[in-house]
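Student: Test case, fold it:
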Amino acid sequence: MPDLSVIIVNWNVRDLLQRCLQSVFASPFAGHLEVIVVDNASTDGSVEMVRAEFPQVRLVANAENRGFPAANNQGLALARGRYVLLLNPDTEVLSDALQTMVAFADGHPDVGVVGPKLLNPDGSVQSSRRRFPTFATALWESTWLQPYAPRRLLKRYYALDRPDDEIQDVDWVTGAALMARREAVEQVGPLDEGFFMYSEELDWCRRFRGVGWRAVYLPTAQIVHYVGKSSEQVLPARHIHFQTSKVRYFRKYHGPVVAEVLRLFLLGNYLWQMGVEGAKWLLGHKRPLRAERIAAYRQVLRSGLRVRG
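Tutor: Reported below is the predicted structural model:
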């Protein structure tokens, strides 16, 4: 049995996936892990690259894009490790990060989830640890209102009141690099496939925490994250998936009334943004950009941000 199963879900980021796999296999811990790549119907040669350059990888090539949670669950079903690491393809593992995460979890048997320190490509710290969102958080975070949010509200949500270099218990860690203990996964079950993309790791960590497992941010393990290189290829879909997942999370944990208020509020935000972009277009300011944004916001409004499942 390997110590760690690394599960990478890929969609059309061939070169980043190649770099990610190179960093994983260059790790001093490479002899203690298995690597599973689940490809969500990429059209950029990702599958062929993995087959040609990384024959030791267990590859699952989906005929359609099944979404992030469903594809990770395919990997979880195959994984044999004592721990599983959900790792984005737009990441690069540094030094002994994998060994450090496993050793920490081995020394703390009540820890169900470990998240490393994520770094931006320039070496600065990327926010990757969170407290559970409140309804007030949902109204401000990742909307056009965020720059005007009460500073204390988002500081608390992003855990900015704690040092970046301090090992600390958190409510959840972002899914770009999230390691979970096998026993914890067996207890709470796989990722919720009702989330196509976004909020699935928030939901998973909440389920781990709900049955008593700790989630820990471990800054002594470091991974570079190039941020959103798959999702940025389809801007309207990213908006729809992100906000729909937010609504679904609040419906699941705060009830249908709260979720419906949030859904209508978010739609109102996009309607306002579309109006602002339309006014700028009429004034002749960066018209191609304004037209692109108007089209994206129109798609969001057309979706209604309706939750499936």
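Student: tally of neighbours for residue 281?
Tutor: 17 (other CB atoms under 10 Å). Every residue, glycine included, has its C-beta placed from N, CA and C.
Student: where's the closest residue to it other than its chain neighbours, which helix or strand?
Tutor: For residue 281, ignoring the flanking residues on the chain, the nearest one in space by CB to CB, 6 or more residues apart in numbering is residue 290 at 3.9 Å. In the assignment (DSSP states H and E), residue 290 maps to helix 287-303.
Student: From the chain's centroid, how far away is that helix?
Tutor: Chain-centre distance of helix 287-303: 24 Å, with CA atoms, centre = their mean, to the nearest Å.
Student: In that helix, which residues are buried?
Tutor: Buried residues in helix 287-303, counted by 16 or more other CB atoms under 10 Å: 290, 293, 294, 296, 297, 300, 301, 303.
Student: do the same with stretch 107-127
Tutor: Buried residues in stretch 107-127, counted by 16+ other CB under 10 Å: 111, 112, 113, 114, 115, 116, 117, 118, 119, 126.
Student: shouldn't the third one be in contact with residue 217?
Tutor: Right, residue 113. No - using CB atoms under 8 Å, residue 113 is not in contact with residue 217; the gap is 9.6 Å.
Student: what touches both of the two?
Tutor: Jointly contacting residue 113 and residue 217 under the rule CB atoms under 8 Å, 6 or more residues apart in numbering are residue 173.
Student: Show me the strands in the chain, by range?
Tutor: With DSSP state E as the criterion, the chain has strands at 4-10, 33-40, 58-62, 83-87, 91-93, 111-119, 125-126, 129-130, 168-170, 172-173, 177-181, 214-225.
Student: From the contact counts, what lies against the second one?
Tutor: Judged by 3 or more CB pairs under 8 Å, 6 or more residues apart in numbering; DSSP states H and E, the packing partners of strand 33-40 are strand 4-10, helix 14-25, helix 46-53, strand 58-62, helix 68-78.
Student: now the longest one and helix 46-53, what's the angle there?
Tutor: By that I understand helix 14-25. 40 degrees (axes from the mean of the first three to the mean of the last three CA atoms, to 10 degrees).
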